[in-house]
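*Asks:* predicted model and sequence below, questions to follow.
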Amino acid sequence: MLLTNRLFERQPPSREAKSIYIFCEGAKREYQYFKYFREMDSRINVEVYRLHPHENNSPLGLLEIAKNCIIPTEKNPTPKYKFQENDEVWIILDVDKDKAETRKPQVKELRRFCNENNDWEVLQSNPCFEVWLHYHQFEERQEFQGDDSCTNWKGFVNSSFEGGFDSRRHPILIKSAIKNANGNFQSENDEPKKGCTEVFKLGESVMSILKEKIEKVLAEIEE
């Protein structure tokens, strides 16, 4: 059985801790997944913004939420998070198709903003976050066609993991997820192809600090 993060040795907060601020379209699954890493090590502080149902989770809506939480202004001199040097902001999106194609211009503008601001990144999964979860256990790229592909992905991931993907246990497999997602990654027109995800880039940032601790737990699991 996979271990939970409760079995990691907790340490007091570090003044030199690096903070990673994550803003996601999804209000539940993404939040639960990244929450796993929050208390793992004092050298990293993972803050996942908890999106409320009434908030605008469009690409530019998320950008405005992130800016309000991170960037001090005259009207908002003390934002929710205290962003410091070497901290990172990640905005995570699905590749949702809309008939009017209103999302594409928004994603383009979001990417432009992140390209112009150091330590801000936008990541997409095609068609949904479950693509990233899939790669925690499987090397091969999977693809579903049609308007219900997101629904198919959710059902596929839940049936592929024993008991369904459990965010209290399975994120420990992030090292495999990075390798598998990176190895299968392809993009077209500035977005991932179906069955691909950019979330491995955030995984690499997390692993750059937590690698030793995660590998130690994985070794204990294999014994």
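*Replies:* Sure thing, it's come through. The shown structure was predicted, so the numbers you read here are calculated from the model rather than taken from an experiment.

*Asks:* burial of residue 63, as a residue count?
*Replies:* Under the neighbour criterion other C-beta atoms under 10 Å, residue 63 is assigned a count of 21. Glycine gets a C-beta too; all of them are placed from N, C-alpha and C.

*Asks:* remind me which helix or strand it belongs to.
*Replies:* Under the criterion DSSP states H and E, the helix or strand holding residue 63 is helix 59-70.

*Asks:* now for that helix, which elements pack on it?
*Replies:* Here helix 59-70 touches strand 18-24, strand 88-94, helix 103-116, going by 3 or more C-beta pairs under 8 Å, 6 or more residues apart in numbering; DSSP states H and E.

*Asks:* how far does stretch 195-207 sit from its chain's centre?
*Replies:* In terms of C-alpha atoms, centre = their mean, to the nearest Å, the gap separating the centre of stretch 195-207 from the centre of its chain is 7 Å.

*Asks:* mean confidence for it?
*Replies:* Across stretch 195-207, the average pLDDT comes to 97.

*Asks:* so for it, what gets flagged as buried?
*Replies:* For stretch 195-207, a neighbour-count test (16 or more other C-beta atoms under 10 Å) marks 195-200, 202-203, 205-207 as buried.

*Asks:* repeat that for stretch 48-60.
*Replies:* Quick answer for stretch 48-60 (16+ other C-beta under 10 Å): 48-49, 51, 57-60.

*Asks:* pull the CA atoms of that stretch into PDB?
*Replies:* The C-alpha coordinates for stretch 48-60 follow below in PDB (Å, rounded to 0.1, in the frame of the first residue of the first chain):
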ATOM      1  CA  VAL A  48      -3.000  26.000  -3.900                       C
ATOM      2  CA  TYR A  49      -5.700  28.600  -4.300                       C
ATOM      3  CA  ARG A  50      -9.100  27.300  -3.300                       C
ATOM      4  CA  LEU A  51     -11.400  28.400  -6.100                       C
ATOM      5  CA  HIS A  52     -14.900  29.200  -5.000                       C
ATOM      6  CA  PRO A  53     -17.900  28.200  -7.200                       C
ATOM      7  CA  HIS A  54     -18.900  31.800  -7.900                       C
ATOM      8  CA  GLU A  55     -15.400  32.900  -9.100                       C
ATOM      9  CA  ASN A  56     -14.400  33.200 -12.800                       C
ATOM     10  CA  ASN A  57     -12.300  30.200 -13.700                       C
ATOM     11  CA  SER A  58     -11.800  31.200 -17.300                       C
ATOM     12  CA  PRO A  59      -8.100  31.600 -18.400                       C
ATOM     13  CA  LEU A  60      -8.200  35.400 -17.900                       C
END
